[in-house]
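*Asks:* One predicted model, sequence on top.
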Amino acid sequence: MQKRQFFTLTAGAALTAAALLSAPLGAFAGAPESFKIGLILPMTGQAASTGRQIEAAAKLYMAQNGSTVAGRKVELIIKDDTGLPDVTKRIAQELLVNEHVNVLAGFGLTPLALATAPLATQSKTPMVVMAAATSSITEASPFVVRAGFTVPQVTISMADWAPKNGIKRVITLVSDYGPGLDGEKYFKERFTFNGGQVVDSLRVPLRNPDFAPFLQKVRDEKPDALFVFVPSGNGAAVMKQFLERGLDKAGIKMIGTGDVTDDDQLNGMGDGALGVVTSHHYSADHNSPANKKFVEAFKKANDNMRPNFMAVGGYDGMRLIYESLKATSGKGDGPALLAAMKGQIFESPRGPVFIDAQNREVVQNVYLRKVEKKNGELYNVEFDVIKDVRDPAKTR
C-alpha cells in the first residue's frame, strides 16, 4: 500500500522544498474542491488600519463578484500577523502546509512580505502584495505580483513638481525601513537633478515613532518644505505634531506621498491639513465612474468608512486572483495562476492599471493632489496626472 507522508510544523521551522514535497498528494495542485486565498494582514498593532482597509475591500470584491469562480468555491482565510515578520512567516507556513492555500495575499509592511517571499518560491505559490511598497519586493521571489504601488513610483512626481512651484530647499523625513529609504533616495535624486537642494535627511524609527524632536530640528533649519513618507496609519500623528510645533506658521510647507494624508485619517486631521500637496496613485475623490461606484459600495458595507489606497490595493489584488482563476479554467495551479496574472490590463477605481509581465510590477497613473474641503469634508483633490508611471527602480 502506498504511504502518504504527513508532516507537522515545529515552531520557527523553515518551510523547505523537501517538506513541501511531502505534503498530502495533490495539496498544491488544486485538488481540494475549494480555492483558498490566505490573506495575511496586520489586524492589530501599529498597522491595524491597513489590515482593516484591505480586509474590507477583499470582502467587498467577493460580495460583488460571487464566491464561485470557474466552478471553484473561493474561500478567504484571514490571519492577523500583528505586523511582525516572524509571525507572518509562521502563518504563511501554516497556510501552505495545513490549509493548502492556492494564493498568499495581503502583506501590510515590507518586512512582512520579505519574510514570506522564500516560501512562495519554494511552494510555487503566487503571492499578491496588496500593500507593502518597497521596490525590491518583486525581486525577492519570481512568484510575487504587485497589486498596490511602489514608493519610488509615487515619489518622483513630487520631486518634479516641488522645484517648479517655488520649493528649493527641502528636508526629508521618512520612517526608517525599506519604503522610507526608497522615498528618501528617489526624492533626493530627482529633486537634486531638478535643481533643488536637500539640506537634511531625517529617519524616524518605525516602531513607536516620536516625530517631535525631528520636527523641532526641521523648524530650526527653516527649509522651504518638509517632504514626508510614513506608513499608512501614521500620517495623523505627523500632521498633529507638525502643527503643534508651529511649522506651518513658520512658513514651512508639508509635501509628501499620499500616505501622509491618508483618506482613512484625513478628516480627523482637521483644517491644518488644508493645502498639503502630495503625489499618489489613489484618492477617494478620484473622479471616475468606477471609483464613485467603489467608494459608495465600500462606505455602505463598512459603516461609512472611507476607502484609502490600501483598500484599492486589496480590491484590485482580489481582481487579479479572480481573473487568473478564470483564465486557468479553475485549475488553480500556482505557475499557471502566476502566468495569468502577468499582463492583466483593467480599469481600477484608481484609473487604468497594467501588470508588467516582465517584472510583475503595477504600471499606473500617479496624481498630484491638494487637500481641500468639499461638502464639509477633507479630500485629496487631484489637479494633475502623470500617466502610465512605472517603478523607476526597474527602468534603470
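*Replies:* Okay, I see it.

*Asks:* OK, contacts around V218?
*Replies:* V218 makes contact with I171, L173, D200, L202, L226, L247, I252 under the criterion C-beta atoms under 8 Å, 6 or more residues apart in numbering. C-betas here are computed from N, CA, C, even on glycine.

*Asks:* out of these, which one sits closest to P289?
*Replies:* Lowest distance from P289 to the contacts of V218 (C-beta to C-beta) belongs to L226, with 36.2 Å.

*Asks:* now the closest one: how far from G256?
*Replies:* With distances taken as C-beta to C-beta, to the nearest Å, L226 is found 8 Å from G256.

*Asks:* quick one: which of the two has more around it?
*Replies:* Remark: of L226 and G256, G256 carries more neighbours, 28 against 25, as counted by other C-beta atoms under 10 Å.

*Asks:* so that one sits in a helix?
*Replies:* No: counting by DSSP: H, G, I helix; E, B strand; the rest coil, G256 is located in no helix; its state is strand.

*Asks:* Over to the residue lying closest to it once chain neighbours are set aside. Which of the three states is it?
*Replies:* Using C-beta to C-beta, 6 or more residues apart in numbering and skipping residues adjacent in sequence, the residue nearest G256 is V228, 3.8 Å away. Three-state assignment for V228 (three-state DSSP): strand.

*Asks:* Tell me what V228 is bridged to.
*Replies:* Counting by DSSP bridges, V228 is bridged to L173, G256.

*Asks:* if I pick it, what's in contact with it?
*Replies:* Here V228 is in contact with T172, L173, V174, V238, M254, I255, G256, T257, V260 (C-beta under 8 Å, 6+ apart).

*Asks:* what's the neighbour count on P392?
*Replies:* The burial count for P392: 17, using other C-beta under 10 Å.

*Asks:* For it, give me its contacts.
*Replies:* P152, Q153, I156, Y186.

*Asks:* Please read off the pLDDT at it from the model.
*Replies:* Here, the pLDDT recorded for P392 equals 94.

*Asks:* That one and L114, how far apart?
*Replies:* 20 Å.

*Asks:* okay if I get the contacts of V218 as TSV plus distance to W161, pLDDT and secondary structure?
*Replies:* Shown next, in TSV, are those (distance: C-beta to C-beta, whole Å; pLDDT from 0 to 100; DSSP: H, G, I helix; E, B strand; the rest coil):
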residue	distance to W161	pLDDT	secondary structure
I171	17	98	strand
L173	18	96	strand
D200	21	97	strand
L202	21	96	strand
L226	15	97	strand
L247	20	94	coil
I252	17	96	coil
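
*Asks:* From what I see, A56 and F298 are in contact.
*Replies:* Yes: in this structure, A56 is within contact of F298 by C-beta atoms under 8 Å, at 6.7 Å.

*Asks:* Just give me the closest of the contacts of P392 to A284.
*Replies:* Checking the contacts of P392 one by one against A284 (C-beta to C-beta), the nearest turns out to be Q153, at 19.4 Å.

*Asks:* What's the local residue count around K249?
*Replies:* Look at K249: counted by other C-beta under 10 Å, it has 9 neighbours.

*Asks:* and it, helix, strand or coil?
*Replies:* coil.

*Asks:* excluding its backbone neighbours, what's nearest the residue most central in space within the chain?
*Replies:* The residue lying closest to the centre of the chain (C-alpha atoms, centre = their mean) is A131, at 1.9 Å. Nearest non-adjacent residue to A131, counting by C-beta to C-beta, 6+ apart: G108, 4.8 Å away.

*Asks:* Done for today, thanks.
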